[in-house]
Every structure is written in structure tokens, then in C-alpha cells.
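Engineer: what follows is a predicted protein model with its sequence.
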Amino acid sequence: MINVSKSKCVGCGLCVDVCPQEAISVSKGIAQIEKDKCIECQSCFRECPQGAIMLIKNIDLLVAFGTDDDSTLKSDNHVGMSKYFRLYRFSDSQEEFIEQRSNLKYKEDETKTHGDPGKAKATASALEDVDVLIGRMFGPNITRLRNKFVCAVARKDTIEEAIQMVHENINEIIEEKKRRIKEV
Ligand code: SF4
Ligand code: SF4
């Protein structure tokens with residue numbers, strides 16, 4: 001799958017000119033690729049002066065979304081306090097719902113000023129085998145959670161919107177995951 005990094009693309013349009021499929025357009029200063037038209041010839045990938053285009057093969061990410069129901073992101077507290085995590089498997093340009101996992105019951109110790117490590121541990125054990133954790137709010141424990149997952153803040157109301165955000169930022173998420181693996 002060919003993907004454009006929103007943070008790197010400067011909207012120069014050079015990729016548009018080299019695409020034999022007319023699959024690329026620039027909208028709001030960012031190149032957009034129509035995946036149905038793309039034949040993965042990689043011409044745009046070679047042309048881009050910003051290194052903003054990536055060819056991603058065999059995406060396989062298990063992504064958890066913190067929620068108190070089955071459709072909205074938890075918004076009144078940290079993601080670690082969610083009642084459930086909705087797990088989706090992302091592969092290439094699609095995602096598939098896998099399961100809804102209950103969070104472990106854990107009463108955070110409010111006297112701990114920089115986050116209760118016990119809470120981070122409980123969240124991590126509920127999310128065994130997950131690659132990416134998506135939440136609307138993270139608390140001080142984000143530094144501990146980052147040792148376990150790629151953590152991403154989604155300023156979105158619904159899980160559906162957050163899923164779209166993951167697709168749009170899949171390059172950055174994969175790069176972050178690779179970086180984390182190197183650091184471990
Ligand atoms: S060539 Fe690269 S920087 Fe220019 S519009 Fe295309 S993706 Fe963006
Ligand atoms: S890989 Fe080829 S067909 Fe696909 S968007 Fe880039 S230039 Fe167009």
C-alpha cells in the first residue's frame with residue numbers, strides 16, 4: 001500500500017505529475033492517493049523530495065481504543081480508566097473488529113502525583129499483544145505505557161473517527177513502532 005505522511009508532505013504536487021494512473025491529487029496542501037487506482041509502480045515514491053511517500057507491505061497491527069461503550073472514545077478520564085478496549089486489526093488499507101476486552105478493575109491511587117504505576121501495569125496486562133493504544137486523554141502514566149505500546153492521542157469523539165485517523169497516520173504509527181522495537 002502506498003501512503004502519504006501528512007506531517008512530511010508540503011503539497012508541491014511533483015508526485016501528481018509522475019503518476020501514470022492519475023491517482024494523486026493535492027487537497028488542502030496534502031497529497032491524496034486514490035488507492036483503488038494505484039498500481040504501486042512507486043514513481044511517486046521516487047519523485048517525492050520530502051520522503052513523504054511510503055510503500056508499506058503487510059501491515060498487521062492490533063490497535064486498542066479506550067471506551068466506556070462500544071462507539072465513543074473515553075473522554076471524562078484517562079484512557080487507562082476506560083471500562084473496555086475495542087480491538088481492531090489493521091491490515092493494509094482496512095481494519096477488522098476483533099474483540100471488546102474489559103479493562104481490569106483498578107482504583108488509581110490519587111496520592112501519587114505522577115501517575116500510579118499499578119494502574120499502568122493493570123492496563124498493560126489487559127492489553128496483552130496489542131501494538132497501539134488510542135485514547136482521547138492520557139495521564140502521567142503515558143511514559144510507562146509507551147514502553148508497551150505506541151500511544152496515540154485522538155482528539156475525536158467516536159471510535160469510527162479514530163479508526164480513520166489511524167488509517168491517515170499509519171506511516172507515523174509504523175515508524176514509531178519500529179523505533180520502539182529498536183530502543184528495547
Ligand atoms: S511529491 Fe511529496 S511533498 Fe510533494 S505533494 Fe507529493 S507527497 Fe507531498
Ligand atoms: S505508486 Fe504509481 S500508481 Fe500509485 S500513486 Fe504512486 S505513481 Fe500513482
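Structural biologist: Great, that's in hand. Ligands and ions are numbered 1, 2, ... in the order given.

Engineer: average pLDDT across stretch 145-160?
Structural biologist: Stretch 145-160 comes out with an average pLDDT of 91.

Engineer: got a list of contacts for it?
Structural biologist: 64-65, 67, 70-73, 75, 80, 86, 120, 123-124, 127, 130-138, 142, 161-162, 165-166, 169, 173, 176-177, 180 (Cβ atoms under 8 Å, 6 or more residues apart in numbering). Yep, even glycine has a C-beta here, placed from its N, CA and C like the rest.

Engineer: what residues does this protein put near ligand 1?
Structural biologist: Residues of the chain found near ligand 1 (Cβ under 6 Å from any ligand atom) are 4, 9-15, 26, 31, 47-48, 50, 52-53.

Engineer: of those residues, which belong to helices?
Structural biologist: Of those, the ones assigned to helices by DSSP state H are Leu14, Cys15, Glu47.

Engineer: buried among the residues you listed? Make that a ChimeraX selection.
Structural biologist: Buried subset of these, written as a ChimeraX selection, criterion 16 or more other Cβ atoms under 10 Å:
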select :14,15
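
Engineer: need the ones in helices among the residues of the chain next to ligand 1 in CSV with pLDDT and distance to Lys105, can you?
Structural biologist: Converted to CSV, those look like this (pLDDT from 0 to 100; distance: Cβ to Cβ, whole Å):
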residue, pLDDT, distance to Lys105
Leu14, 97, 54
Cys15, 97, 50
Glu47, 95, 53
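
Engineer: so what's the residue nearest in space to the middle of the chain up against?
Structural biologist: When Cα atoms, centre = their mean is applied to the chain, the residue found nearest the centroid is Val166 (3.9 Å). Contact partners of Val166, counting by Cβ under 8 Å, 6+ apart, are Val63, Phe90, Glu95, Val132, Ile134, Ala152, Ile173.
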